[in-house]
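> whatever this is, show me its structure:
(one chain, ligands or ions: 1)
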Amino acid sequence: MKLKSLLVGLAAFALIGAAAADEPIVIKFSHVVAQDTPKGKAADFFAKRAAELTQGRVKVEVYPNSTLYKDKEELEALQLGAVQMLAPSLAKFGPLGVREFEVFDLPYIFDNYQDLHKVTYGPVGQQLMAKLEPKGIKGLAFWDNGFKSFSANTPIRQPSNLKGKKMRIQSSKVLEEQMRVLGAIPQVMAFSEVYQALQTGVVDGTENPISNFYTQKMHEVQKYLTLTDHGYLGYAVITNKKFWEGLPADIRTQLEQAMKEATEYGNGIAKEENEKALELVKASGKTEIHTPTAEEKLAFKRVLVPVHKKMESRVGADLIQSIYQATGFDPSKL
Ligand code: LMR
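So this is what the prediction gives:
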């Protein structure tokens, strides 16, 4: 009798064990933008390919639009292991103590995606990712969004138009300096709070690629948008290092493949997504869009590029030089 109940107990235990082994590994992927953006689409693509390549052994749950965590909280959650994957913008790594990522925020340092990719797909990008490891974070990929424009409720034709304006920025000292040289008042704020802050007049304006501008409905609360393309906004896809290294090797390889494919897909659609968003803002008729003349753009460059020199001590003069070398950018040729 005793033996029988022991056997029954053992069988039940084995069943529970088998069920647990069948449970997929869950990766919570939190981000702050809409699903219908380059980052949102790349994250969903990654989730789909991860499920396919691991044959269901991994389930990636994507939480868009700050539904799980806001900007600052999500980085803390990653370090604590409450989420396993994020793709914060490169402007948001300063609070982690990795100031070098703010080099991407330097105004006009990249003229186009090709120049940018020389850095993100090259050795400088790899060196930057390595800086995350002592923080318990593993960098998996660079994902593109696009080039930022300024918006406000008053027209922006020249740098002096932003004087005295309260401008929302991400938590980057480079962006803070960029606003200061324009005579604007920078206000750091979580992305999820920007719409309301613009609506209520807590801030007067902001900067973002058009895909974010449109999907957050900022065109409803900003009358003017000037296509300055004055800076790049993109992401580092990151994971908790301990979690990543603790994964079975075969699963990790499959997830690396899924990430590679998601990166190709996301970076392949980013430009077009921003172009489509621009058309949608135009069609809304709510925001007047201004394309600066060559002369107007040069005026912005002349005011903003000196931020590079000013921020050398923050992001590293050598790092700035290595980007100039990779892209051929020459600040003296303005
Ligand atoms: C912002 O806060 O403006 C952006 O970083 C949001 C994002 O993730 O694209």
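
> just the strands in this structure please.
Taking DSSP state E as the test, the strands found in the chain are 25-30, 58-63, 85-86, 137-147, 149-152, 166-169, 185-188, 205-208, 224-226, 232-240, 288-290.

> in its sheet, what does the fourth one sit against?
Taking DSSP bridges as the criterion, strand 137-147 forms sheet pairs with strand 232-240 (antiparallel).

> relative to residue 150, how far out is residue 223?
Per Cβ to Cβ, to the nearest Å, residue 223 is found 12 Å from residue 150. Any C-beta I mention is one placed from the backbone N, CA and C, and that applies to glycine too.

> sorry, back to before: can you redo the strands of the chain as JSON lines with distance to the ligand, mean pLDDT and mean neighbour count?
Output for those, formatted as JSON lines (distance: least, Cβ to the nearest ligand atom, whole Å; pLDDT from 0 to 100; neighbours: other Cβ atoms under 10 Å):
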{"stretch": "strand 25-30", "distance to the ligand": "11", "mean pLDDT": "98", "mean neighbour count": "20"}
{"stretch": "strand 58-63", "distance to the ligand": "13", "mean pLDDT": "98", "mean neighbour count": "18"}
{"stretch": "strand 85-86", "distance to the ligand": "10", "mean pLDDT": "98", "mean neighbour count": "26"}
{"stretch": "strand 137-147", "distance to the ligand": "6", "mean pLDDT": "98", "mean neighbour count": "23"}
{"stretch": "strand 149-152", "distance to the ligand": "12", "mean pLDDT": "98", "mean neighbour count": "26"}
{"stretch": "strand 166-169", "distance to the ligand": "8", "mean pLDDT": "98", "mean neighbour count": "21"}
{"stretch": "strand 185-188", "distance to the ligand": "10", "mean pLDDT": "98", "mean neighbour count": "17"}
{"stretch": "strand 205-208", "distance to the ligand": "5", "mean pLDDT": "98", "mean neighbour count": "25"}
{"stretch": "strand 224-226", "distance to the ligand": "15", "mean pLDDT": "98", "mean neighbour count": "22"}
{"stretch": "strand 232-240", "distance to the ligand": "6", "mean pLDDT": "98", "mean neighbour count": "24"}
{"stretch": "strand 288-290", "distance to the ligand": "19", "mean pLDDT": "98", "mean neighbour count": "15"}
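
> any chance of those in a markdown table, plus distance to residue 247?
Formatted as a markdown table, the strands of the chain follow (distance: least, Cβ to Cβ, whole Å):
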| stretch | distance to residue 247 |
| --- | --- |
| strand 25-30 | 7 |
| strand 58-63 | 9 |
| strand 85-86 | 12 |
| strand 137-147 | 11 |
| strand 149-152 | 40 |
| strand 166-169 | 36 |
| strand 185-188 | 35 |
| strand 205-208 | 34 |
| strand 224-226 | 43 |
| strand 232-240 | 9 |
| strand 288-290 | 46 |
